[in-house]
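Undergrad: I need the structure of the sequence given here:
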Amino acid sequence: MAMITVKFLLDKLGSLLSEEVQLLGGVRKGVEEIQDELESMKSFLQDADTRSESDQGVKTWVKQVRDVAYDTEDVFAEFLVRLAQPQGHGSVCYLHSCFRYVKQLKARRHLAIEIQNIMARIRSISERRKAYDFNRIIDEGTSANSSLERWHDPRLASLFIDEADVVGIEKPRELLLRWLIEGESKLTIISVVGMGGLGKTTLVKKAYDNKTTKGHFDCQAWITVSKTFTIEELLRTAVRGFLEATKEPVPEGLDTMSDIQLGEVLKDHLQQKRYVIIFDDVWSINAWEAMKYALPDSKCGSRIIFTTRKNDVAASVENTTGHVYHLQPLSQEEAWTLFCMKAFRSEHDQGSCPEELEELSLSILKKCSGLPLAIVAIGGLLSKKEKTVLEWKKVLDSLGTEMRSNCKLESLGRILLLSFNNLPYHLKSCYLYLSVFPEDHLIKRTKLTQLWAAEGFVEEKQGLTLEEVAVDYLNELVSRSMIQVAERDDFDKVKYCRVHDLMREIIQLKSREDCFITVVDHERGMKLDEKVRRMSIHDTTCENFLSDIRFRCLHSLLVFKSTDSSCFFGHAFFCGFRLLRVLDLERAPLSKFPAELVGLVHLRFLSLRRTMVRQLPKSVEKLRNLEILDLKGTPVSTLPSGILKMERLRQICNYHYRFVSSNSFATCGMVVPPGIGRLTNLQKLGVVEVNQGSSETLRELGMLTQLRRLGISKLRREDGMDLCTSLEKMKHLTSLYTVSIRPNEFLQLESLSSPPPLLQHLFLKACLTTLPVWISSLRNLVKLVLQHSRLKDDPLNALQEMPNLVSLELRHAYDGEELCCEARGYPRLKKLSFFHLEQLKRVKMAEGAMPRLRRMEITSCRELETVPLGIEHLNNLQELHLWGMPYEFLKKMGRPQGEDCWKVQHITTIKHFGGGNDLTTGKVVWRGRRKGLLFLLDLDDSVTLASCFFSLSSDDISHLKVYQRQERVMSSPLLPPAAPPEADPSILEASTFQCWRDARTEELQALVDNHTLDLVSRP
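TA: Here you go, the predicted model:
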């Protein structure tokens, strides 16, 4: 971690020297001296960082380097704070200039003194390194550590696990055996991929040792690949392995042969033989590149197996006849079986968990998240403990510490840390940062990449935004099996992710030790002398925050939940955060913009998402370094003119949805001040309301040529020409969201002759006279939403040749009776949705159309006579969702007599929702009466709950009570953060619902995207 800190500081100093030349004045030389000293330390700090895990002296020295780097960063940040002053106006301008000059002199004098102190500390640290000859210690330690890791390699234990101790590998083992024995005679490569501790080595070893395998192959060899392997080492191990397996003599001079000689020996030995070779725990493609020329393909059915934590390794070695197996965690049942085998293995217990320990056992097992190595290690530790609640609670509360200090869990910690230690430094800081998120928190990709960028972890790359580079970082961590994908979007991009619970325990402990991140919750407070640089607050009270001095060095503050709003967000709370760069107050109980925030001159990221802040002050202009401003879901309707002075802004996000009728929502954005075109660094802007002064605003938007995402609402018919002119200038635009001022307002878009060539997402919510021709020319478009278009000609037929379209939604978009798609139409489409096509009677799909379609949604197309003709040919269709469709339509699909039943029998999941007396397979059962609606909910999907709520009229809402059948639903994000204390927790009163509806903007977005349920007609 010291290496990360020093590298980050060097980048900051370089930026300071280049950008603040005049401000530094006479102290520039001192800054350069610090830079030179730290550069000299960096040359061997990487090895020292690694060695510090096992050598206390080196660990102390590394901590001193890290601390001086942190302090240096704070000194220069404080210097810039001292110089920050508001600009004068009129007659007071001269006085402001004089005062600023005096203040600069004073700040430089203070900085000069601080630089001298820092240089003295750095020299002392350097001298201490020389006095103790750390270079020699580190060199020897590195060599010794390498030998020690090979001798006590924790991975080797996986090779000697008894069959009786293995759970859940029967099916994957049988699959591996089929791949080994059956198949083509060509040389075939098999990769087994998964995070450390999943049991990849154990699985492959069981298949490798199988009698069938041994009898099928002429010879076999197993190589455990070290991270620091040499070509000679790999080749020599392979030769020895094959010879020993067939009990042949080892040739003389094997230990002195070069890599070329070893390769020839190995290749000659394997000619015309059926062999199998295992490369266990491969970290890079270099291992395969070094070996592949010595492994001949004699068309005898030979096999090569790789186990790896990295998806890119598996993808790189896969050949045309190869296989990749992604090993999954154990199921809950398998995990419980293995846990009981290990934790209760005494004669007295006989593998059975005592009732009083069952709840704690399940909590411990949850931490393991199906990881066999973790279950075995922790179960083994617990088997030696007293079978009491107190003893087991201690283990649960200290798992992170136990993996660092307890010999029974140390090997588990080492295996899990292998992946972290193998990361490049820019990814180490990104990965440690994941410890800010609470347990079981689903981490949203967009927010994570924004935070990484704001923290300065992301390196700039020409042609890419910082967030785009950060997405590459995220994908790399996913590829290395260090981040688990919780959900992907329709375009196979990570939407939500998470970290394995045990890895989270490890990185939280490491982050705190290195003063990188401090997590404060109901279990963990802060020490009086603790330096806190980044703080993440998880569900705690203000008792831990009484001493403001702790916040002097605070650079980041993220609040995920607070139970004492009065303490957290009083005016005094933000006063001590002079150096703050990141402030995330999403869902915080704020109704007014805290005036103290405008003094945070270093702030780069500010999120007020889903707060009740209604307006920003003009003084927000003082936040000159702000890059990301997130106001999504707030009532802010107008941006102040001061925003125009914040020239570093890259993203402004502000919109929410207003419920206007039983089945529609209005997009509410923000009015931007005249001159918005000055913010030329903007890459994301939305949603801009152009109702008043629209022509000038639209023309100014054309000056924002770096925009990647743009949202515009309240467009009028006459705005079409100006909108098209501006869009033609946005060559980097990838997402465009446009909404007319009224659903029946026509928008003229035909004049757009050169649309943004990189456009991927297009939302057009307006009446269109015809479908714009230029849409079909968008070769990169992956998602298209047409709403309120009221087209006369068939849009399904017109768009079918779009090569990369993945998602198509037609909402109130077509007034015709028939939609058609020809063979080979929509080659990549995965999702197709029809909403409220009121005249539609038939949908025809030729055989060969939409070969990749996986999900189809049909909502409130009440004239539709039958399921789409040709649906039986959509072989990859997995889900069919029907919302608000008439009973006659559904009856035709009923089993077994329905006339259309045979057409949809290949579809895995068919769901239908809607009003009526017959809802045999729906997830929502509802009944209504004029006063006092009663909803009986079986909540498998939170959107279902919302769809009921948002179908109600204001009269219904005044009498609404919702009764929940399942207690677990209370954790749904669609429910209020907390019910009133006096209320029954199973009931949502009308007033509570009203507040809830105003605040839940993100859920409204999901509803708009899915268009959910139409309950206008009630029984």
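
Undergrad: and stretch 443-454, how far from the chain's centre?
TA: Its chain's C-alpha centre and that of stretch 443-454 lie 7 Å apart, by CA atoms, centre = their mean, to the nearest Å.

Undergrad: identify each of the helices in the stretch 601-750 of the chain and give its residue range.
TA: With helices called from DSSP state H, counting those that start in this stretch, the stretch 601-750 of the chain shows them at 694-701, 720-727.

Undergrad: quick one: contacts of the first one?
TA: When contacts are defined by CB atoms under 8 Å, 6 or more residues apart in numbering, helix 694-701 is touched by residues 672, 674-677, 685, 688, 690, 707, 710, 712, 714-716, 718-719, 722-723, 725-726. (Each C-beta comes from the backbone N, C-alpha and C, glycine too.)

Undergrad: 7 Å instead?
TA: 672, 674, 676-677, 688, 690, 716, 719, 722-723, 726 (CB atoms under 7 Å, 6 or more residues apart in numbering).

Undergrad: ok so, going back, rank the helices of the stretch 601-750 of the chain by pLDDT, which is bottom?
TA: Lowest mean pLDDT within the helices of the stretch 601-750 of the chain: helix 694-701, a mean of 90.

Undergrad: what angle do that helix and helix 720-727 make?
TA: Orientation note: helix 694-701 sits at an angle of 10 degrees relative to helix 720-727 (axes from the mean of the first three to the mean of the last three CA atoms, to 10 degrees).

Undergrad: spatially central, which residue of this structure would that be?
TA: The centre of the chain sits closest to R445, judged by CA atoms, centre = their mean, with a distance of 3.4 Å.

Undergrad: contact partners for that residue?
TA: R445 makes contacts with 474, 494-495, 497, as judged by CB under 7 Å, 6+ apart.

Undergrad: show me the two of the residues you listed that sit farthest apart.
TA: Maximum pairwise distance among the contacts of R445 (CB to CB): 11.2 Å, between L474 and K495.

Undergrad: neighbour-wise, which of these two wins?
TA: Using other CB atoms under 10 Å as the criterion, L474 and K495 rank with L474 on top: 21 against 16.

Undergrad: just checking, what packs against the one helix or strand that one maps to?
TA: Using DSSP states H and E, L474 falls within helix 466-479. Applying 3 or more CB pairs under 7 Å, 6 or more residues apart in numbering; DSSP states H and E, one finds that helix 466-479 makes contact with helix 425-432, helix 445-455.

Undergrad: what about Q332, distance to I364?
TA: Going from Q332 to I364 by CB to CB, to the nearest Å gives 13 Å.

Undergrad: of these two, give the one with the bigger neighbour count.
TA: I364 (22 against 12).

Undergrad: wait, what's in contact with that one?
TA: I364 sits in contact with 378, 395-396, where contact means CB under 7 Å, 6+ apart.

Undergrad: residue furthest from the geometric center of the chain?
TA: For the chain, the C-alpha farthest from the mean C-alpha position belongs to E252; by CA atoms, centre = their mean, that distance is 54.6 Å.

Undergrad: regarding it, what is its secondary structure?
TA: E252 carries the three-state label coil when classified by DSSP: H, G, I helix; E, B strand; the rest coil.

Undergrad: my read is that I115 contacts G30, right?
TA: Yes - using CB atoms under 7 Å, I115 and G30 qualify as a contacting pair, with a distance of 3.8 Å.

Undergrad: between these two, which has more neighbouring residues?
TA: Neighbour totals were compared for I115 and G30, and I115 leads with 20 against 17 (other CB under 10 Å).

Undergrad: that's a strand at that one, yeah?
TA: No - under three-state DSSP, I115 sits outside any strand and is assigned helix.

Undergrad: who's A221 bridged to?
TA: Beta-bridge partners for A221, by DSSP bridges, are I277.

Undergrad: so what's it up against?
TA: Each residue near A221 by CB under 7 Å, 6+ apart is listed here: 238, 241-242, 245, 277.

Undergrad: can you tell me which of those residues are in strands?
TA: Using DSSP state E, the members of these that fall within strands are I277.

Undergrad: by neighbours, which of the contacts of A221 wins?
TA: A238 leads the contacts of A221 on contacts (other CB under 10 Å) with 25 neighbours.

Undergrad: assess the claim that that residue and L266 are in contact.
TA: Yes - judged on CB under 7 Å, A238 makes contact with L266 at a distance of 5.7 Å.

Undergrad: and S124, what does it touch?
TA: Applying CB under 7 Å, 6+ apart, we find S124 in contact with no residue.

Undergrad: what strand or helix carries it?
TA: S124 is located in helix 93-131, with elements delineated by DSSP H and E.

Undergrad: now that helix: average pLDDT?
TA: Per-residue confidence for helix 93-131 averages out to 74 on the pLDDT scale.

Undergrad: make 424 the starting number, not 1.
TA: Renumbered: residue one is now 424, and that last one reads helix 516-554.

Undergrad: look at I536 and say how many residues are nearby.
TA: Neighbour count of I536, defined by other CB under 10 Å: 12.

Undergrad: I'd like to know how far it sits from L436.
TA: When distance is defined by CB to CB, I536 is 18 Å away from L436.

Undergrad: give me phi/psi at the residue lying closest to L1003 once chain neighbours are set aside?
TA: Taking CB to CB, 6 or more residues apart in numbering as the measure, L1003 lies nearest to L1023, with 4.9 Å between them; neighbours along the chain are not counted. Main-chain dihedrals, L1023, degrees, to the nearest 10: phi -90, psi 80.

Undergrad: hang on, L1023 packs against L1002?
TA: No - between L1023 and L1002 no contact is recorded; they are 8.4 Å apart, counting by CB under 7 Å.

Undergrad: list the contacts for T1090?
TA: T1090 makes contact with 1078, 1080, 1110, 1136, 1162 under the criterion CB under 7 Å, 6+ apart.

Undergrad: can you say which of these are buried?
TA: Judged by neighbour count, with 16 or more other CB atoms under 10 Å as the criterion, the buried members of the contacts of T1090 are 1078, 1080, 1110, 1136, 1162.

Undergrad: between the helices and strands packed on helix 889-902, which one is nearest to V615?
TA: Between V615 and those, the shortest separation by CB to CB is 23.3 Å, and it involves helix 848-855.

Undergrad: between helix 889-902 and that closest one, find me the angle.
TA: Taking the same axes, to 10 degrees, one finds helix 848-855 and helix 889-902 inclined to each other by 80 degrees.

Undergrad: show me what contacts I613?
TA: With contacts defined as CB under 7 Å, 6+ apart, I613 is in contact with 602, 726, 728, 745-746.

Undergrad: and for T811, the neighbour number?
TA: For T811, the count of nearby residues is 13 (other CB under 10 Å).

Undergrad: P595 now?
TA: P595, neighbours per other CB under 10 Å, totals 19.

Undergrad: repeat that for A543.
TA: Neighbour count of A543, defined by other CB under 10 Å: 10.

Undergrad: same thing with the one 5 residues further on?
TA: Counted with other CB under 10 Å, residues neighbouring I548 total 17.

Undergrad: and the next element down the chain from the helix holding L897?
TA: Per DSSP H and E, helix 889-902 leads on to strand 907-911 as the next helix or strand towards the C-terminus.

Undergrad: still on that earlier bit, may I see the contacts of T1090 arranged in CSV, with distance to F502 and pLDDT as well?
TA: What follows is the contacts of T1090, written out as CSV (distance: CB to CB, whole Å; pLDDT from 0 to 100):
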residue, distance to F502, pLDDT
Y1078, 38, 89
Y1080, 45, 81
V1110, 39, 93
S1136, 43, 94
V1162, 47, 94
